[in-house]
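Student: this one's sequence-less:
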């Protein structure tokens, strides 16, 4: 009878250990399911963020190329304006004839010498004859 009691007690302990093992295994599975679900959510969020980043990157590339084109157009327009104003500045340049009869090109803003006569380039020879 003692032997049967020991066997019963050993069986009860094994049953208790198997129940504990089952509970721990069940908890691990539940934790794994939760982790998988959270990983799925994170991966979907990361994919959505990646798509958003790709869209923003594409928008920035388009914006950058637009700015580059605009900058090139502005540079061309500045060059055209410089060319136009350069031809106008040459045409509007003022010549000063000094007392020795030499014609010198002076910008419009500069004040000519008090004894010099202001003339255009075409009339420089005539004006030099008039200056004493």
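Tutor: Alright, I've got the coordinates. Since we're looking at a predicted model, the values are computed, not measured.

Student: Just the pLDDT at residue 39, thanks.
Tutor: On pLDDT, residue 39 comes in at 97.

Student: Can you report how many residues lie near it?
Tutor: If you count neighbours by other Cβ atoms under 10 Å, residue 39 ends up with 10. The C-beta positions use only the backbone N, C-alpha and C, and glycine is treated the same way.

Student: Now it: which helix or strand?
Tutor: Taking DSSP states H and E as the definition, residue 39 sits inside helix 2-91.

Student: domain assignment for the chain?
Tutor: 2-92, 94-132 (automatic domain parsing).

Student: Lowest average confidence across those, which one?
Tutor: Least confidently modelled of the domains of the chain is domain 94-132, at a mean of 55 by mean pLDDT.

Student: And residue 82, how far from residue 89?
Tutor: In this view, residue 82 and residue 89 are 10 Å apart by Cβ to Cβ, to the nearest Å.
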